[in-house]
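**Q** model this:
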Amino acid sequence: MLSIFDYGIIIAVLLITLYFGLRYAKNQKSTEAYFSAKGRVPSWAIGMSLLATLISSVTFLGYPAEGYANNWILLVQGLMVPIVLLGTVWFIVPLYRKVIGLSTYEYFEKRFGNFARYYSSIAFVLRQFSGMGTVLYLLAVALSSMTNINTYWIILVVGSIIVIVNLLGGIEAVIWLDVFQGFMLFASGILCLLVIIFSVNGGFPEVWRVASENGRTGFGPYDLDFTRLTFVVMAINGAFYAIQKYGTDQTVIQRYLTARSDKSAIRASLMGILLTVPVWSLFMFIGTALFVYYTQQPLPDDVGPNSVFPYFIMTQLPVGVVGFILSAMISAAICSLSADLNSLAAVGIEDYYKKLRRDKVDNEYLRASRWMVAIAGVISMLIGFIYVELGSESILGIIFTLYAIFSGGIVGIFLLGIFTERANRQGINIAIVVCILFTAYAFLTSTEIEFGGESFLLLDLGEFNFTHNKMMLGVYSHLVVIIVGYIASLFFPKPELDSNLYYRGWKANRKFDRERGIES
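**A** Sure, this is the predicted structure:
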């Protein structure tokens with residue numbers, strides 16, 4: 001059980017979290033301030049915010065669980081992020097800052113029409129809610145096992161704090177809270193890893209030896225087999241994940257818009273990218289070190305991979321340190337979910353509410369934004385309740401699978417929009433329909449459910465079932481859109497485009513601006 005001192009640390013961190021909402025409440029007088037902070041945030045803070053946005057209790061608990069139970073194969077997706085984005089972020093960021101107001105999916109409408117915009121924004125909403133429910137679920141289960149507090153109360157309290165911070169402080173409060181959480185995250189992760197390594201008889205050399213001998217290091221298997229989870233599957237999936245997250249995801253792109261200039265936004269993006277991978281690696285290696293530690297120490301039979309890190313925290317760390325670690329875990333969840341809530345509200349306002357109620361005063365849109373934050377927060381808590389009822393043993397794998405399914409060819413639409421001038425609205429609409437049919441087929445013919453004590457596929461087509469790993473589903477959906485979208489576009493007239501909407505035109509305009517001495 002936690003000591004009073006540990007509880008005091010946790011309560012103090014929660015009060016600091018609420019303070020950030022109150023601190024920036026006075027600045028939230030317009031939708032622009034509420035969602036983009038009017039360029040008041042420096043690039044280093046935005047970079048830390050990008051880090052915190054992508055780090056949550058999924059990282060804090062899911063990565064150590066995977067590192068304990070398996071090797072580092074699920075880390076491959078994250079390792080692909082800098083490889084892909086270091087060559088693309090320098091034009092993705094200024095392109096978006098030039099052509100959209102607030103919603104990422106405004107670009108899709110300008111390039112391919114309404115259907116592409118609403119398809120991509122709905123896919124984003126589904127991804128966000130599934131991910132937010134998982135974050136709340138993981139946090140609640142972990143804290144409940146440590147404190148014996150009811151999981152539903154944990155979800156309700158944490159969810160309410162997140163909603164309050166967003167309602168009061170908007171994106172500015174979220175970003176500065178992310179900065180605070182980012183430092184806590186690094187400190188807690190390094191502290192835990194050092195404690196584990198020094199607790200192992202033989203230290204780091206023994207950790208590496210035992211982990212290597214028991215298949216807990218490396219990124220294999222390395223064979224070219226798309227039916228299993230292999231290095232190749234994760235690398236391909238990671239490349240598309242990187243483009244999708246940093247090129248089409250509202251949560252990330254909204255950070256680009258808060259920067260004071262294009263250069264500031266690019267610096268923030270690079271900082272976020274380069275910080276995120278070490279954090280993912282740190283928490284994965286914590287799981288590896290825990291495996292070695294518990295080969296030397298007895299571990300209760302009822303402690304599984306998802307529970308091993310919380311069990312270590314509660315049994316091996318001293319008073320005060322436990323409270324700090326749990327505070328960092330809670331803060332990670334709050335920051336990630338706060339960013340999700342704000343971005344969901346931004347999409348709701350820009351993509352839906354303003355379409356239904358055009359040309360209203362900004363105060364009405366600001367009130368509606370706050371209502372959307374509250375409603376999205378309640379829905380996320382309800383999804384968290386459902387996850388608690390269902391339970392899960394491989395939560396990180398499920399998250400990656402859901403992300404692959406709900407990606408729905410969005411990267412394909414984005415790449416066709418950016419790099420081709422020939423792709424048009426009609427061709428993309430056809431590609432989206434084909435993608436939906438393909439995704440439905442692949443999901444139904446590869447998903448088993450249990451009923452009456454027996455397992456069976458949702459749809460069994462025999463030898464025509466989709467047999468590849470589900471993480472390839474997201475990859476295939478993007479390829480379907482690229483291939484079908486381009487070919488179908490050839491049957492319709494070439495579109496007349498704003499040159500800022502595609503890479504070659506943007507590059508030419510950029511060169512022209514530089515020649516005239518215009519810089520962002």
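**Q** quick one: average pLDDT of the top helix by length along the chain?
**A** Scanning the chain for the longest helix, with DSSP state H as the assignment, gives helix 151-199. Averaged over helix 151-199, pLDDT sits at 90.
**Q** any idea which helix or strand comes after it?
**A** Downstream of helix 151-199, the first helix or strand assigned by DSSP states H and E is helix 203-213.
**Q** which ones are touching residue 465?
**A** 445, 446, 457 (Cβ atoms under 8 Å, 6 or more residues apart in numbering). (Glycine included, C-beta is placed from N, CA and C.)
**Q** filter these to the buried ones?
**A** Buried members of these, counted by 16 or more other Cβ atoms under 10 Å: 445, 446.
**Q** of all the contacts of residue 465, which comes closest to residue 127?
**A** residue 446 (19.2 Å; Cβ to Cβ).
**Q** quick one, what contacts the spatially most central residue of the chain?
**A** By Cα atoms, centre = their mean, the mean C-alpha position of the chain lies nearest to residue 54, the distance being 4.9 Å. Contact analysis of residue 54 by Cβ under 8 Å, 6+ apart lists 245, 252, 272, 276, 336.
**Q** quick check: angle from the longest helix of the chain to helix 203-213?
**A** Between helix 151-199 and helix 203-213, the angle comes out at 110 degrees (axes from the mean of the first three to the mean of the last three Cα atoms, to 10 degrees).
**Q** can you list contacts of the helix or strand containing residue 418?
**A** Secondary structure from DSSP H and E places residue 418 in helix 410-419. Residues from elsewhere that reach helix 410-419 (Cβ under 8 Å, 6+ apart): 92, 95, 107-108, 111-112, 116, 120, 123-124, 240, 243-244, 247-248, 423, 428, 431-432, 435, 477-482, 485-486, 501-503.
**Q** can the contacts of residue 54 go into CSV with extra columns for pLDDT?
**A** CSV is the format used below for the contacts of residue 54 (pLDDT from 0 to 100):
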residue, pLDDT
245, 85
252, 88
272, 87
276, 86
336, 82
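**Q** before we move on, the earlier item: quick one: buried residues of the helix holding residue 418?
**A** 410, 411, 412, 413, 414, 415, 416, 417, 418.
**Q** one more: stretch 273-287?
**A** For stretch 273-287, by 16+ other Cβ under 10 Å, it's 273, 275-277, 279-287.
**Q** and for stretch 199-214?
**A** Neighbour-count burial for stretch 199-214 [16+ other Cβ under 10 Å]: 199, 200, 206, 207, 208, 210, 211.
**Q** spatially nearest residue to the third one (excluding sequence neighbours)?
**A** Right, the one you point to is residue 206. Closest residue in space to residue 206, ignoring its immediate chain neighbours: residue 200 at 5.6 Å, by Cβ to Cβ, 6 or more residues apart in numbering.
**Q** checking residue 455 next. Helix, strand or coil?
**A** Assigned by DSSP: H, G, I helix; E, B strand; the rest coil, the conformation of residue 455 is strand.
**Q** what about the residue nearest to it when sequence neighbours are not counted, how many neighbours?
**A** In space, and not counting its chain neighbours, residue 455 is closest to residue 448: 4.9 Å by Cβ to Cβ, 6+ apart. Residues contacting residue 448 under the criterion other Cβ atoms under 10 Å number 10.
**Q** beta partners for residue 448?
**A** Beta-bridge pairing for residue 448 (DSSP bridges): residue 457.
**Q** in this protein, which helix or strand is least confident?
**A** Taking mean pLDDT, DSSP states H and E as the measure, the chain has helix 395-407 as its least confident helix or strand, at a mean of 60.
**Q** is residue 264 in contact with residue 42, as I believe?
**A** Yes - assessed by Cβ atoms under 8 Å, residue 264 is found in contact with residue 42 at 7.4 Å.
**Q** what's the distance between the residue nearest to residue 206 and residue 296?
**A** Separation of residue 200 from residue 296 (Cβ to Cβ, to the nearest Å): 7 Å.
**Q** same question for residue 427.
**A** 60 Å.
**Q** these two: who's more crowded?
**A** residue 427 (24 against 12).
**Q** ok, and what's touching the helix or strand harbouring the more buried one?
**A** Using DSSP H and E, residue 427 sits in helix 425-444. Applying Cβ under 8 Å, 6+ apart, the external contacts of helix 425-444 come out as 112-113, 115-116, 119, 405, 408-409, 412-413, 416, 457-459, 466, 470, 473, 476-477, 480-482, 484-492, 495.
**Q** that one: which residues count as buried?
**A** Under the neighbour-count criterion of 16+ other Cβ under 10 Å, helix 425-444 has 425-432, 434-435, 438-439, 442-443 buried.
**Q** do stretch 95-105 as well
**A** Under the neighbour-count criterion of 16+ other Cβ under 10 Å, stretch 95-105 has 95, 96, 97, 100, 102, 103, 104, 105 buried.
**Q** thanks a lot, see you next time.
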